[in-house]
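1. only geometry, no sequence info:
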């Protein structure tokens, strides 16, 4: 398909991708505290509010800076997905549950194969597990990234 006046330039596409990446990072940052609380309370309903708050701060520090850095990179330099960055937080949550004496969750063979270190079944399946807004932002970012990547690399 030949470029037309109605089609955005690659610079505009990349600017749109950057804006969607920033929006995704903001949505993840906004959704993390509630996800941490839901995740911990699902496995340990009586966990102290102070523990939830401390784990949420640790998860935010662990996830948000590397997520922003990943999303700021050029699409060809993004060696992992943003969801993979978020999923690493499950180890922190699992460690908190271990410290509270919560036994591992019952998981099926498929889950154990996909996420062998997620003994408490905490890994989010998608950004939507954090919040509706993070889910929407993840879809928009993914579509924008795919568009930029395809535009650059089509034969």
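-> Thanks, I have it. Note that the coordinates shown come from a computational prediction; the quantities given were computed from them, not determined experimentally.
2. contacting residues for residue 137?
-> Residues in contact with residue 137 (C-beta atoms under 8 Å, 6 or more residues apart in numbering) are 20, 23, 24, 26, 27, 28, 127. The C-beta positions use only the backbone N, C-alpha and C, and glycine is treated the same way.
3. residue contacts, the fourth one?
-> Taking C-beta under 8 Å, 6+ apart, we find residue 26 in contact with residue 137.
4. for it, which three-state class applies?
-> helix (DSSP: H, G, I helix; E, B strand; the rest coil).
5. kindly state the pLDDT recorded for it?
-> Per-residue pLDDT puts residue 26 at 98.
6. how about the first one?
-> The score at residue 20 is 96. That number is its pLDDT.
7. that one and residue 84: what is the separation?
-> Residue 20 is 18 Å from residue 84, where distance means C-beta to C-beta, to the nearest Å.
8. who has more neighbours out of these two?
-> Remark: of residue 20 and residue 84, residue 20 carries more neighbours, 20 against 11, as counted by other C-beta atoms under 10 Å.
9. what about the spatially closest residue to residue 87 that is not a sequence neighbour, how many residues close to it?
-> Spatial nearest neighbour of residue 87, excluding adjacent residues (C-beta to C-beta, 6 or more residues apart in numbering): residue 123 at 5.0 Å. When neighbours are counted by other C-beta under 10 Å, residue 123 registers 21.
10. same check on residue 134?
-> Count around residue 134 with other C-beta under 10 Å applied: 28.
11. mind listing the helices for this protein?
-> With DSSP state H as the criterion, the chain has helices at 10-43, 49-72, 82-87, 89-99, 109-114, 132-153.
12. and among these, the most buried is which?
-> Comparing the helices of the chain on average neighbours per residue, with mean count of other C-beta atoms under 10 Å, the densest one is helix 82-87 at a mean of 20.
13. pLDDT of that helix, averaged?
-> Mean per-residue pLDDT for helix 82-87: 97.
14. residues making contact with that helix?
-> 24, 28, 63, 66-67, 70-71, 115, 123-124, 126-127, 130, 138, 141.
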